[in-house]
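S.K.: what's the 3D shape of this:
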Amino acid sequence: MAQPPILSWEGLGLQQGGRWLFGGPEQADIDLHIGPRDRLALIGRNGAGKTTLFRLIDDRIEADRGIRKVKPGTRIVLLEQDPDFTGCDTLMDFALRGEHAPAEHEVQAIAGQLGIDMGTKAKGASGGERRRAAIAKALAQEPDLLLMDEPTNHLDLAAIDWLEGWLDRYKGAFVVISHDRTFLKRLTRATIWLDRGTLRRKEVGFGGYEAWEEQVYAEEARAAEKLDAKLKIEAHWLERGVTARRKRNQGRLEKLWQMRAQRAAMIAPKGAAKLGLASDDEFKSKSVIVAEGVSKSYGERKIIRDFTLRIQRGDRIGVVGANGAGKTTLLKLLTGEIAPDEGTVEISKKLTGVMIDQQRSLLEGDKTVRQVLAEGGDWIDVRGARKHVQGYLKEFLFDPKVVDTKVGIMSGGERSRLLLAREFARKSNLLVLDEPTNDLDLETLDLLQEVIADYDGTVLIVSHDRDFLDRTVTLTLGLDGSGFVDIVAGGYEDWEAKRRERSGPARARTSGAKAASPSPPPPPPPPRSAKLSYKDQRDYEQLPARIEELEAAIARGEAILADPELFTRDPQKFANITQGLENARAEKDAAEERWLELAEMVEDQGRVQPG
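M.R.: Got it, this is the predicted structure:
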C-alpha cells in the first residue's frame, strides 16, 4: 500500500521580481508530494526556480499562496550549493552553527570518511574542502528529508563514490539537483521536472528523463494543434528537429568511436596491428604536444613520473583523478605553464590556446552582456565570422533581451554559459577546460558537448563529471596519486574498466607509450531496417488513438488523486488508482516510443504519413 507523504505543497504560487515564478494566471499552481523513501531528481533549466523550490520546501521563504504540510517530527535538511561560511573560524564552527546543529562527534565521523580536517580555517579552505564540510554537517543531522543542491560540485571521484554509497544505504527521502548525469542515474527512482512554472512528476529515475521530456513536448504539440493525432505528433517533431538532432548526435557518437579506435591503435604495444593508420611521419606531423619521459616533483613527492604521450590535432583528452593527484600539474606541463624536472615537452608554435577555468574569474560583474561579448557593440567576431551579438546569444540558449543585463545579477549557471560563449568565439586551436560542468544545467551541458564535438582543434578537459567525459573525450589520462599516468583510449568508464582489470594482486604499472593496450571501444550499433511490416504499419496508424485514450485515463486518475483527503478516507482506492496510473503511464510511454521509432522508419523511407 502506498505510504502517505511526509511533505506536501498544495496550490503553491510564488511571485519574484513582479512576475509569477510558480502559478499565476498563465500557469497551474504547483502540487508536490514527497514520500518517506522517495529518491527524486529535480530537473529544470537555470533560472527555472529549482533552488527557490528547495527554500520553499525547507520553509526558508514564504509563498504567495498554497498550503505546506509536513508530517510531525520530520527533519528536513538543505545542503546548499554555496553555503555561507561568514563568521566561521573553522569548518567545524560552520558545521556546529544553526538551530539544529548536529553533535560534534557525528560530524567528525562523517568528515573522517570524506577525508576532511574540520579544524581547517574556513577563510582559506578550498571549494572541495567547503563542500565536504557542508556534506558532513548535513548528513550528521540525520535528516528524514535531504535536499541536495549540486552536491557533487568540487568533489573528486573518490568523494562522489563515497556519497553515492551513503545515499544508497540512506533510509530517508532525498531530492537532488545535479548536472552529474551518472550520479542521478545511479541513485534516483523518480523525476520531478520544473518547466515554465509547471511541476511534473514521473515514477522513473533520471535514466528515463530525456525520453519523457521529448514525450511531454510531443503531447503539448498534439494538444495545441487542430490536427488529428498522427499529424500533430509528426508536425511537432519536425518543428523541433528532434529526429534530425538524434541523427546528428548519432553521427557525432559514431565519429567519437572511430577516433577512440584510432587512438587505441596508436598506443598499442609494439607489433600490434595499426588498423591502416597513417605513416609515422604523418603521425608526427599532426602532433601538437609531445611529452617524452616527463617527471615532476614538489619536495619529496613525485607528482608525475616517466610520462610519454603525443597529443594529436583534434584529440579530446580527459584528465581524471582524486583532488591532489596531480591533474593541474599535468595540465600545466602539457600547456608549457611549468617546466618538467626530467624529460621534455615540445609544443607546436602554431598552437593558440583558450583556457576556461572553474573559478569563472574572467567576467566582471559591473559589465553588461553586450560589453563582455562585443565590447559594447552589436557585432561579435566568432572564430573569424561576423555575427550579431543577439543572434549569437540564442546559440548559447540565452534570451536575446539579456544583451544589456549586468553580469553581476546573473545566476552562476548563466555566467558560466556567458563565459563559454565568449571563449568559444575566440580564434584558437587548443581549448583547455578546467571543471567546465560546474553550475551548468543539463541543456547547457548538451550544448557544450555539441560545441566540443564540432571544435576543430585539440581539447584538454579536467573534470569529475563521468557522463560528460564518456560523451566527449577520445583519450583519458588517469592519475591515482602515485605519479604514474594511465593512458586509456575512451572515456571515464574505459578507465574504470582498466582499473578493475588490474585490481587484485598488485603489479607494476606502466605509463606513456609503455601502457597496456586499452580495450577497443564498442562498435556503433547496426543500422535499423527502415522497412515497415504489416504490424508496423498497423501500429503506426492506430497507436496515436490509443495514446490519446491513455492520456484521458491518466487525467481522470490524476483528478481523483488530487483530493488530499482520499488517502485517509479510502486508502485501498488510493492504492488501486495509484497502481492503475503507473500501469497507464508505462503503457503510454511504451506506445509513444514505439510510434516514434516507426515515425523515424517512415521518414527514412521517404514516405508520407498515411491519411
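S.K.: rest of the way, CA atoms for contacts and neighbours
M.R.: OK.
S.K.: Can you pull up the most central residue in this protein?
M.R.: Centrality entry for the chain: nearest residue to the mean C-alpha point is residue 179, 3.2 Å, by C-alpha atoms, centre = their mean.
S.K.: Tell me the pLDDT of that one.
M.R.: At residue 179, the predicted lDDT confidence score is 91.
S.K.: do the same with residue 237
M.R.: For residue 237, pLDDT reads 46.
S.K.: Please apply the same query to residue 43.
M.R.: Reported pLDDT for residue 43: 94.
S.K.: Likewise for residue 353?
M.R.: With respect to pLDDT, residue 353 scores 83.
S.K.: ok, back up a step: wait, what's in contact with the residue nearest to the centre of the chain?
M.R.: 150, 437-442, 445 (C-alpha atoms under 8 Å, 6 or more residues apart in numbering).
S.K.: Of all the residues in stretch 294-310, which ones are buried?
M.R.: 294-296, 303-310 (16 or more other C-alpha atoms under 10 Å).
S.K.: from these, which two are the most distant?
M.R.: 303 and 310 (19.7 Å; C-alpha to C-alpha).
S.K.: Going by contacts, tell me the helices and strands next to the host helix or strand of residue 445.
M.R.: Here residue 445 is covered by helix 442-454, with elements defined by DSSP states H and E. The contact analysis (3 or more C-alpha pairs under 8 Å, 6 or more residues apart in numbering; DSSP states H and E) places helix 442-454 against helix 466-472.
S.K.: which strands and helices sit next to the helix it packs on?
M.R.: Helix 466-472 sits against helix 181-187, helix 442-454, helix 492-502, with contacts defined as 3+ C-alpha pairs under 8 Å, 6+ apart.
S.K.: Now do it: distance to the chain's middle.
M.R.: The chain centroid and the centroid of helix 466-472 are separated by 9 Å under C-alpha atoms, centre = their mean, to the nearest Å.
S.K.: which residues are in contact with it?
M.R.: With contacts defined as C-alpha under 8 Å, 6+ apart, helix 466-472 is touched by 180-182, 253, 256, 316, 318, 445, 449, 452-453, 463, 490-493.
S.K.: before we move on, what about stretch 451-463?
M.R.: 252, 312-320, 327, 331, 428-437, 469, 472.
S.K.: Buried residues in that stretch, which are they?
M.R.: Residues of stretch 451-463 classed as buried by neighbour count (16+ other C-alpha under 10 Å): 452-453, 455, 457-463.
S.K.: Quick one: end-to-end distance for it.
M.R.: Chord length of stretch 451-463, first to last residue, is 17 Å (C-alpha to C-alpha, to the nearest Å).
S.K.: Mean confidence (pLDDT) on that stretch, please.
M.R.: Stretch 451-463 comes out at a mean pLDDT of 90.
S.K.: again, but for stretch 105-114
M.R.: 95.
S.K.: hang on, the earlier thing: just give me the closest of the buried residues of stretch 451-463 to residue 542.
M.R.: Once C-alpha to C-alpha is applied, the member of those that ends up nearest residue 542 is residue 453, at 39.0 Å.
S.K.: Tell me the spacing between that closest one and residue 354.
M.R.: 16 Å.
S.K.: mind giving me the domain ranges of the chain?
M.R.: 7-210, 215-240+528-605, 369-427 (automatic domain parsing).
S.K.: what about the first one, how long is it end to end?
M.R.: Just to be clear, that refers to domain 7-210. 27 Å.
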